[in-house]
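Undergrad: my questions concern the predicted model and sequence given below.
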Amino acid sequence: MIYLNNAATTYPKPQNVLDACSAALRSVPESQFRSGQELTDGEDVFTVCKRNLGKIMGLSQTERIYLSSGATDSANRVLYGLLSDSNDCEKKIITTVTEHNSILRPLYNHQCWKKRLQLLPCDRFGYIDPGNLEKMLTINDRDGVGTEAVIINHCSNVTGMVQDLAAFAEAINDSGLRDRPVFIVDASQSAGCIPFSADDLKIDALIFTGHKSLFGVQGTGGYFVRNGLELRPMLYGGTGRNSAQIEYSAADDDYEYEVGTQNGPGIAALCAGTEYILSRGVNAIAEKEREQMRILYDALGSISNVKRYGCFEKNAGPVLSFVIDEMAPSDVAYILKTGYDVTVRTGLHCAPLIHDAIGSGERGTVRISISDMTQNAELEDFINIISEIAEAGRQI
Amino acid sequence: MRITDRVESRERCAESGWYAYDFILDEPMDADFIRSLRDVGGSFVFMTMLKKPFFKIESDYYIIKGVEGNNYFRMAVHEEHLSELERVERLVQGEIADGAADRRS
């Protein structure tokens, strides 16, 4: 079996992740902020996990990292918690055509936000010109409307394009705007495999998932909201703290956003995933994956009837999309799975707006994606299989 | 060739309004059986040069695809033409299977 669908969920997981998840299920359950928990070296797994996540993503305010069930959960909590839902608000919300539906659907299904939405275009490689953001921000500022938030997908789950977050940060922070927008970044595809520092980039809110390059299990993830930003709670419930308090107001700036019993075994697995990444080093992982992506780009580029989306120089993430001439992407994926036991992803990849820009149309692409666990031998076998399918495609 | 089961695929089709089913067969499909499926109607592609030959039949209302040697094939059909499922099932169990058997004998 060859698994190249790591942009959906990484597989296999490192051994320490399997061990940690299994151990958590066999141990006395941990409960954040509740009494009766067992500590390891004086710390609970929640605290250790957040500290590790802070190291991986360059976040010093680790107490402002909140764990969730994944990026979609996180995105909804961040958007509903930060964006105004007043019909009187006219401030623009800027996002990009490269976004995943976890961002697009909350925005498009809130009528107040939908009417204030502005989309940044991308080029045929999926690259978003930060200059366009600067222009958009300047015009909104000049017109007196202003911009409430800028929401950027760090690494495309379709093309692997990694956006220039530093340039976006500069446009937001250094353009002399009267009213600085909130800078929100979706790091679902980049957290754990592409180095960045949320502190250095002055990111206000960061969305991530646990089950991709952080090597956690499905149903884990989280978000970060910088100190000082008021986040309206989306959910209320038991937190293990201040149990006598029932009502909350905006003045309660220490609201516990992680309500209900947390996913202990999942967070133990995520914590182990972060330990694996820290032991390997994000830079080392990025370097290894970059070399493997070069192998894939070169090999697929040498097949005459294979069209790659993006280019190696610009698309630095561990994701690559392609099609084979005269063959539907869904057929290629079906052949790969049923004929060769190769798992890839096909279609629009829950990012519907990018396909017009990159020219992949309604049928989308075949997407392959690697992780730090991917072996070169798997890639060699995959390339041979695709060569065979492409040769057959030429004879249709 | 007999159909032992018809299972709705858990994979959602890319196009809205389409439904996919896997037809489970009592034996692996060989090349003769696959060619006999042309009687269903629609454009027919059979990529025999693959180590695991792939076939696809496509019309405006349905798509049938599978791989030689597997004991199942997939049929995606538009919701307004779900009756095509029964037609294909009848053809496979009756006319097509018999026809293929005749050609083999």
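TA: Everything's here; your move. Numbering: from 1, shown residues only, chains lettered A, B, ... in the order given.

Undergrad: so what's A:Ala333 up against?
TA: Neighbouring residues of A:Ala333 by C-beta atoms under 8 Å, 6 or more residues apart in numbering or on different chains: A:344-346, A:366. (C-beta placed from N, C-alpha, C; glycine too.)

Undergrad: what residues does chain B put near chain A?
TA: Chain B comes close to chain A at residues B:14-15, B:45, B:47, B:49-52, B:54, B:56, B:65-67, B:70, B:74, as judged by C-beta under 8 Å from any C-beta of the partner chain.

Undergrad: please redo it, this time with the cut-off set to 6 Å
TA: B:14, B:45, B:47, B:49-50, B:52, B:54, B:65, B:67, B:70 (C-beta under 6 Å from any C-beta of the partner chain).

Undergrad: with neighbour count, secondary structure and pLDDT as added columns, please give those in TSV.
TA: What follows is the residues of chain B next to chain A, written out as TSV (neighbours: other C-beta atoms under 10 Å in any protein chain shown; DSSP: H, G, I helix; E, B strand; the rest coil; pLDDT from 0 to 100):
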residue	neighbour count	secondary structure	pLDDT
B:Ala14	16	coil	49
B:Val45	16	strand	96
B:Met47	23	strand	96
B:Met49	14	coil	93
B:Leu50	19	coil	94
B:Lys52	18	coil	91
B:Phe54	25	strand	97
B:Lys65	21	strand	95
B:Val67	23	strand	96
B:Asn70	17	coil	95
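
Undergrad: farthest-separated two in those?
TA: For these, the farthest-apart pair by C-beta to C-beta is B:Ala14 and B:Met49; their separation is 26.4 Å.

Undergrad: and the residue of chain B closest to chain A?
TA: Chain A sits closest to B:Lys52 of chain B, with a gap of 3.3 Å, by C-beta to the nearest C-beta.

Undergrad: does any part of stretch A:358-378 sit near chain B?
TA: No - using C-beta under 6 Å from any C-beta, stretch A:358-378 stays clear of chain B, with a minimum separation of 6.8 Å.

Undergrad: buried stuff in that stretch?
TA: For stretch A:358-378, the neighbour count (16 or more other C-beta atoms under 10 Å in any protein chain shown) marks A:358, A:360, A:363-372, A:374, A:378 as buried.

Undergrad: so which of those sit within strands?
TA: Among those, the members found in strands (DSSP state E) are A:365-369.

Undergrad: would you mind listing what in chain A touches chain B?
TA: With C-beta under 6 Å from any C-beta as the criterion, chain A meets chain B at residues A:334-335, A:338-339, A:347, A:392, A:396.

Undergrad: surely B:Phe73 is in a helix?
TA: No - B:Phe73 is assigned strand when assessed by DSSP: H, G, I helix; E, B strand; the rest coil, not a helix.

Undergrad: burial measure for A:Phe125, as a count.
TA: 17 (other C-beta atoms under 10 Å in any protein chain shown).

Undergrad: look up phi and psi at it.
TA: Main-chain dihedrals, A:Phe125, degrees, to the nearest 10: phi -100, psi -10.

Undergrad: pull out the buried residues from the helix or strand hosting A:Thr338.
TA: Using DSSP states H and E, A:Thr338 sits within helix A:329-340. Residues of helix A:329-340 classed as buried by neighbour count (16+ other C-beta under 10 Å): A:329-336, A:338-340.

Undergrad: next SSE downstream of it?
TA: Sequence order places strand A:342-343 as the next helix or strand after helix A:329-340, per DSSP H and E.

Undergrad: strand partners of that following strand, parallel vs antiparallel please.
TA: strand A:2-3 (parallel) (DSSP bridges).

Undergrad: what lies in contact with the strand it pairs with?
TA: A:11, A:342-343, A:378, A:382 (C-beta atoms under 6 Å, 6 or more residues apart in numbering or on different chains).
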